[in-house]
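>>> Sharing a model that was predicted from the sequence below.
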Amino acid sequence: MTESTTTSPTSPFPDDFLWGAATASYQIEGAANEDGRGRSIWDTFSHTPGRVDGGDTGDVAVDHYHRVEQDVALMVDLGLKAYRFSVAWPRIIPDGDGTVEPRGLAFYSRLVNLLRSEGIEPLVTLYHWDLPQALQDRGGWANRATASAFVRYAEVVHDALGADVDTWMTLNEPWCAAFLGYASGNHAPGLTDPRAALRAAHHLLLAHGDATAAMRRASGPEHRFGIVPNLYGIQAGGHRAEDLAAAHAIDVLQNRLWLDTTLKGAYPEDVRTIFARFDADAAIESGDEQRIAQPLDVLGVNYYQQHHVRAGNGQGLGSPFPGCETVEFLPSAEPRTGMGWGIEPDSLEAMLLRVHEEYDAPPIMICENGAAFDDVMDADGQVHDPDRRDFIAAHIQAVGRAITAGVDVRGYFAWSLLDNFEWAFGYAKRFGVVYVDYETQQRTIKSSGAWYRDNIARNGAPDPMLNLAEAESR
């Protein structure tokens, strides 16, 4: 990525800063049984009674597959400079490693062409959790062969779209895919097996490294490759040595597992100890760490909140942090989002500074940041969501402060463009800057979306009409 310069006297953001929004395939596309799409682990999980709130599924979601032109028109209306979306692996290779489905590739090619025709830069994420069920039937990410299947899938998509897509992210939030999927069972495939979770984490990282190397071999200098971990600030809820140790243990699995391997080329010793404890260390073969640590052109960062922890009564079996079963998670600070997550934008600034200071990091993009609130449509047909507006504004200001302090941040993507299927919460939680009536599929830009459009026009300069200090104290 070329060096950015800031010329605006009122904004810390470079003039070519990418303002965008993000989505994920299973959460928005629907068309679950159309055009040769195979079954994913989220199809299986959501159709299993008791797994998802309200028995909701992504069968229809918000019908993006059939409304792609309408949704790109919304992006134009919002003034987006970029759009980050994920590709559904089962739509491209229905059984994960067999025959390629050309209708799936055609859908994404059409989407990319629509974006380019409107001057919106596409950012592709290859994996946002919808693993083909056929691969899960053979062990999923706990099976090393899945990493090899992912490399082939990445090559197929890159070969089809690479001429029109410059920025490629391999994995979205591999912590969630590994530990919510295989350790806590809260996400697909719904297992509570710490050994499988650790093996899955390693094979996800190996898939990232090998796919990055394969795509780079077939690329020109304009192509950029990265990964998108979800990073958290970690605060110890006390000064006892055991509380500090609890915070360190969570930090190792939430943050350092992904940053140290991709940016420093080695697992932290604490991670190695956890692998050995659960008899998962055999998954790490000689040379794997070097394969994982492919040079990155961009580091994606997803940020929502920070953890507050102490030593105490943890979750035991079913903890999403293998080896940390006695760590107690404390209630988030107030104010909170509709998910119960604390609103602490200063933690995002601190995390960006930490990555800048502790790692030889490439340029950063904030690939997801947003909040769920209990949105309702008013009698006037509008959705007024000042809490979301204030959340996004405060976090954008935190990014601006990090840039001023010397962190190279190149983009910010609001999560999410649209209300959608929110994983195990079904349709009960709304993150979008665009409201979706799930009965009619009508889209309505929320007041936060209108504010975000104005923010883009200002290139992130502070909004003089907002008193964020007052808003954050509510």
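Alright, I've got the coordinates.
>>> quick one, strands of this protein?
18-22, 82-86, 121-127, 167-172, 224-228, 233-236, 298-302, 306-311, 327-329, 364-369, 409-415, 434-436, 443-445 (DSSP state E).
>>> now the angle between strand 224-228 and the first one, please.
So that's strand 18-22. 50 degrees (axes from the mean of the first three to the mean of the last three Cα atoms, to 10 degrees).
>>> quick one: average confidence on strand 18-22?
Averaging pLDDT along strand 18-22 gives 99.
>>> how close does the nearest residue to V228 once chain neighbours are set aside sit to Y153?
In space, not counting the residues next to it along the chain, V228 is nearest to G300; the distance is 3.2 Å by Cβ to Cβ, 6 or more residues apart in numbering. Where you see a C-beta, it was placed from the backbone N, CA and C, and this is true even at glycine. Using Cβ to Cβ, to the nearest Å, G300 is found at 19 Å from Y153.
>>> Which of those two has more residues huddled nearby?
More crowded of G300 and Y153, by other Cβ atoms under 10 Å: G300, with 28 against 23.
>>> residue contacts, the more buried one?
Neighbour list for G300: M169, N172, G226, I227, V228, P229, I364, M365, I366, C367 [criterion: Cβ atoms under 8 Å, 6 or more residues apart in numbering].
>>> then stretch 297-314 to CSV, C-alphas only?
Only the C-alpha atoms of stretch 297-314 are listed here, as CSV (Å, rounded to 0.1, in the frame of the first residue of the first chain):
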residue,chain,number,x,y,z
ASP,A,297,0.2,-6.0,3.3
VAL,A,298,-2.6,-5.1,5.6
LEU,A,299,-3.8,-6.1,9.1
GLY,A,300,-7.5,-6.1,9.6
VAL,A,301,-8.7,-5.3,13.1
ASN,A,302,-12.3,-6.0,14.4
TYR,A,303,-13.1,-4.2,17.6
TYR,A,304,-16.3,-4.1,19.7
GLN,A,305,-15.4,-4.0,23.4
GLN,A,306,-12.8,-5.0,26.0
HIS,A,307,-12.8,-7.8,28.6
HIS,A,308,-12.7,-7.3,32.3
VAL,A,309,-11.5,-10.4,34.1
ARG,A,310,-10.3,-11.8,37.4
ALA,A,311,-9.4,-15.1,38.9
GLY,A,312,-12.5,-16.8,40.3
ASN,A,313,-15.3,-19.1,39.3
GLY,A,314,-15.0,-19.5,35.5
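>>> about what we covered before: of the contacts of G300, which pair is most distant in space?
Spatially, the most separated pair among those is N172 and I364, at 15.3 Å (Cβ to Cβ).
>>> ok, how many other residues are close to E118?
Neighbours of E118 using other Cβ under 10 Å come to 13.
>>> Name the nearest residue to it, ignoring sequence neighbours.
V76 (5.1 Å).
>>> burial of the one you found, as a residue count?
14.
>>> For E69, see how far away it is.
11 Å.
>>> now A201
Counting by Cβ to Cβ, the gap from A201 to E69 is 39 Å.
>>> Quick check on those two: which one has the bigger neighbour count.
It is A201, of A201 and E69, that has more neighbours when counted by other Cβ under 10 Å, with 30 against 11.
>>> quick one: contacts for the more buried one?
Taking Cβ under 8 Å, 6+ apart as the test, what A201 contacts is P174, W175, A178, F179, L257.
>>> next one: F321
Counting by Cβ under 8 Å, 6+ apart, the residues that F321 touches are F179, A183, A249, I250, L253, Q254, V327.
>>> Lowest-confidence one in those?
Minimum confidence in the contacts of F321 sits at V327, scoring 94.
>>> what number of residues lie near that one?
The number of residues near V327, taken as other Cβ under 10 Å, comes to 23.
>>> Much appreciated, bye for now.
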